[in-house]
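Engineer: Can you look at this prediction? I've put the sequence above it.
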Amino acid sequence: MERRAILAALLMAGLLMVYQFLFVKPAEPPPQQRPPAQTPPTAQAPAAPSPAPARLPSLPQTLGKEAVSSDPGRHAVVETPLYKAAVASRGGELRRWDLNYRGIKPMVVEGLAGFRGLTIARPGAPPAPAPLIPSPESLTLGKDTAQGEIHLMGEDGAGLRVTQVSRFHANTYVLEAEIRIENRQSTPQTLEILLPWSAPVEWPKDRPEQFQGQQPTRAVRMAGGAVVRQELASLPSWTGTGQWAGLESEWYLAALIPRTAGFQLAEGRVAETRPGADKPADIAYVAARAVVSELQPGQTWEGRLSLYIGPKEHERLKQLGVGLEKSIYFGGFPIPQSYGGLPMEWLVVPILWVMHLFYSYTGNYGVAIILLTVITKVLFFPLTLKSMQSMKAMQKLQPQINALRSKYKSDPQRMQKETMQLYKAHKVNPLGGCLPMVVQVPIFYALYVALSVSVEIQNAPFICVGRIFGVDLWICDLAAADPTYVLPLLMGASMFVQQKMTPVMGDPRQAKMMLFMPVIFTFMFLNLPSGLVLYWTVSNVLQIAQQKYMERGIKKPEKLPARAPKKA
């Protein structure tokens, strides 16, 4: 029973990891119809009713070839401790946004992925980016200057004066944009305002990722307090109101956050032919969209928007106060919803907090993972001890149980009855050895999820000696697999020792077959992040130490025979 309980816990954890990788996918809701566009608020009072305006082009048409053509233009450079950005004159698009986060990580790839800036479309005319002139052309923020602004101003050649204030901060990855559009013509104008962020559905093979997580894989949005995720390969068209929308990878996020009621959110896909490409590429986008049905002469439209472009750190996202921390997908423990389910966020977030607390004192996430594993084992030691005691009691009854099986092998009901009476006579609970182990499985699974979604361990070293022939020695990135395969082999060896220490119960042939489990787990862990393998290895070593301690404490010393009296 002892062997079965331990192996059951290991198998359950392994199956949960496989389940998480292969089967747990965000639900895809059916495509929703686009609601009718609303007229955003204007600075002046609305004019008298007028005939219905001409129909504007649909959103996918606004991401046409003209909107992404190369334009050197003027640009302003912004430098902060967290990132380096470049704002271009074409609609205030971002030409650059390089995170200074455990190395240089470019979130914007010019001509491929990024924020396209302000685009204006009119009925019967192709969409075009607003031509703007940035001022000043350089901005440096730091400890003494925590905030700065880039002003962009220009006219689109059709009577619209566009003013945009882009506000940057030294201590956050948020870019704030304030937009003001004035109609300087003598006739009313109807227009559609778009601020899209786009990325290819399939990343070009000739331009590999410059860091893990650079390529967005999902579109995510929050509307009505609920988070909806869609794989880019199956992204439907959607337009509606919501708190924010963005493109995300497992660890990084680019999100648009409307700050005024005049904006709607939109997402979808469109085919575009880029310069030098043979065929159209499938582009995914999210956008902030505002439709101005009638802008009177001298009237202005104003809107505010925030962009978050950075790592998915839970505390940093939570501080924004718009629910952006919900973009981190913790998954759920695979319990049927009829039983209430178990949102992993309840367990994972406290674990992340403790891990970051340990890191603040140790300065090493590898050491923080070890301490977190030790603390978990210590907290569950009473349950483990109780489980071991129950399994030892079951082990003593194993010969009598085997005898009952042989005696009543043709009468299963009688055998079950006699077995339960045997348990009752010796006051043994047959589930006493398994239940304490089962209780621990959600916690250990939460540890696994916490390390899977933690962007903080990316490029974080544990024991990094250096590089030889382009290979790290030893663990220089806890988010990457061990290039030397030493840690997975140590994990397999520790699991094998743990298997050998477990008393053989039941069929010996079955016990020999179970010795292949360390081999299976070793191959499964070869390409997993080193942080996960480190946690599992330390957990195995601590389990071995606990088994040795408990076996020594449970065994009773044998009585020595009395000495014979000496002869005179």
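Structural biologist: All right, it came through fine.

Engineer: From here on, just use CA atoms for contacts and neighbour counts.
Structural biologist: Fine.

Engineer: partners of residue 135 in the sheet?
Structural biologist: residue 151 (DSSP bridges).

Engineer: Would you confirm that it contacts residue 78?
Structural biologist: No - under the criterion of CA atoms under 8 Å, residue 135 is not in contact with residue 78, lying 11.4 Å apart.

Engineer: and the two? which has more neighbours close in?
Structural biologist: Taking other CA atoms under 10 Å, residue 135 and residue 78 do not tie; residue 78 has more neighbours (23 against 17).

Engineer: In the sheet, which residues pair with that one? Tell me.
Structural biologist: Per DSSP bridges, residues listed as beta-bridge partners of residue 78: residue 85, residue 139.

Engineer: list the contacts for it?
Structural biologist: Residues near residue 78 by CA atoms under 8 Å, 6 or more residues apart in numbering: 84-87, 138-141.

Engineer: repeat for residue 304
Structural biologist: Contact analysis of residue 304 by CA under 8 Å, 6+ apart lists 176-179, 258-260.

Engineer: Not counting sequence-adjacent ones, nearest residue to it?
Structural biologist: residue 178 (4.5 Å; CA to CA, 6 or more residues apart in numbering).

Engineer: Kindly tell me how buried the one you found is, as a neighbour count.
Structural biologist: The burial count assigned to residue 178 is 16, neighbours taken as other CA under 10 Å.

Engineer: what's next to the host helix or strand of it, contact-wise?
Structural biologist: Following DSSP states H and E, the helix or strand that holds residue 178 is strand 174-183. Residues outside strand 174-183 that contact it (CA under 8 Å, 6+ apart): 159-169, 189, 295-309.

Engineer: How is this protein divided into domains?
Structural biologist: Domain assignment for the chain by automatic domain parsing gives 2-19+333-554, 27-44+55-327.

Engineer: can you list those in CSV and add mean pLDDT?
Structural biologist: CSV is the format used below for the domains of the chain (pLDDT from 0 to 100):
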stretch, mean pLDDT
domain 2-19+333-554, 77
domain 27-44+55-327, 85
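
Engineer: if you compare the ones you listed, which one is most tucked away?
Structural biologist: Among those, domain 27-44+55-327 has the highest mean neighbour count (mean count of other CA atoms under 10 Å), at a mean of 19.

Engineer: Surely residue 401 touches residue 421?
Structural biologist: No - using CA under 8 Å, residue 401 is not in contact with residue 421, being 10.9 Å away.

Engineer: For the stretch 251-400 of the chain, which segments are assigned as helices?
Structural biologist: Under the criterion DSSP state H, counting those that start in this stretch, the stretch 251-400 of the chain contains helices at 314-318, 345-362, 365-379, 381-407.

Engineer: For residue 114, see how far away the residue nearest to residue 304 is.
Structural biologist: 19 Å (CA to CA, to the nearest Å).

Engineer: again, but for residue 536
Structural biologist: Counting by CA to CA, the gap from residue 536 to residue 114 is 38 Å.

Engineer: now swap in residue 256 and tell me
Structural biologist: Using CA to CA, residue 256 is found at 12 Å from residue 114.

Engineer: before we move on, what about residue 235?
Structural biologist: Per CA to CA, residue 235 is found 18 Å from residue 114.

Engineer: likewise residue 357?
Structural biologist: 34 Å.

Engineer: repeat for residue 405
Structural biologist: Counting by CA to CA - residue 405 and residue 114 are separated by 69 Å.

Engineer: ok, now residue 372?
Structural biologist: The gap separating residue 372 from residue 114 is 38 Å, by CA to CA.

Engineer: go on, residue 196?
Structural biologist: Counting by CA to CA - residue 196 and residue 114 are separated by 9 Å.

Engineer: same thing with residue 326?
Structural biologist: Per CA to CA, residue 326 is found 22 Å from residue 114.

Engineer: dump the residue contacts of residue 185.
Structural biologist: By CA under 8 Å, 6+ apart, the contact list for residue 185 reads 158-160, 297-298.

Engineer: wait, residue 537
Structural biologist: Contacts for residue 537 were tallied using CA under 8 Å, 6+ apart; they are 487, 490-491, 494.

Engineer: Could you verify that it is part of a helix?
Structural biologist: Yes - counting by DSSP: H, G, I helix; E, B strand; the rest coil, residue 537 is part of a helix.

Engineer: Number the chain from 57, please
Structural biologist: Let's use 57 as the start, then, which means that last one is residue 593.

Engineer: Could I have the CA atoms of stretch 142-150 written out in CSV?
Structural biologist: Extracted in CSV, the C-alpha atoms of stretch 142-150 (Å, rounded to 0.1, in the frame of the first residue of the first chain):
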residue,chain,number,x,y,z
ALA,A,142,11.1,55.1,-30.4
VAL,A,143,7.9,57.0,-31.4
ALA,A,144,7.5,57.6,-35.2
SER,A,145,5.8,60.4,-37.0
ARG,A,146,3.5,58.0,-38.8
GLY,A,147,0.5,58.1,-36.4
GLY,A,148,2.8,57.9,-33.4
GLU,A,149,3.5,54.3,-34.0
LEU,A,150,6.1,52.5,-32.0
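
Engineer: starting at the chain centroid, how far to that stretch?
Structural biologist: Chain-centre distance of stretch 142-150: 29 Å, with CA atoms, centre = their mean, to the nearest Å.

Engineer: hang on, the earlier thing: looking at the contacts of strand 230-239, which are in strands?
Structural biologist: 216-225, 245, 351, 356-365 (DSSP state E).

Engineer: ok, back up a step: pick out the most distant pair among the contacts of residue 134.
Structural biologist: For these, the maximum inter-member distance is 15.2 Å, found between 143 and 197 (CA to CA).

Engineer: Spatially, what comes nearest to residue 549 if we skip its sequence neighbours?
Structural biologist: Nearest residue to residue 549, sequence neighbours excluded (CA to CA, 6+ apart): residue 574, at 7.3 Å.

Engineer: got the contact list for that neighbour?
Structural biologist: Contacts of residue 574 by CA under 8 Å, 6+ apart are 548-549, 551-552.

Engineer: Sort out for me which of those residues are in strands.
Structural biologist: Per DSSP E, strands hold no members of the contacts of residue 574.

Engineer: ok, the residues you listed vs residue 585, which is closest?
Structural biologist: For those, the minimum distance to residue 585 (CA to CA) is 15.3 Å, reached by residue 548.

Engineer: any idea how far that closest one is from residue 594?
Structural biologist: From residue 548 to residue 594 the distance is 12 Å (CA to CA).

Engineer: just residue 167 next, same as before
Structural biologist: Counting by CA to CA, the gap between residue 167 and residue 594 amounts to 45 Å.

Engineer: what do you get for residue 303?
Structural biologist: 36 Å.

Engineer: Hmm, residue 252 and residue 171 touching each other?
Structural biologist: Yes - at 6.1 Å, residue 171 and residue 252 qualify as touching, with contact defined as CA under 8 Å.

Engineer: ok, and what's touching the helix or strand harbouring residue 479?
Structural biologist: Using DSSP H and E, residue 479 maps to helix 468-481. By CA under 8 Å, 6+ apart, the residues outside helix 468-481 that reach it are 457, 460-461, 464-465, 485-486.
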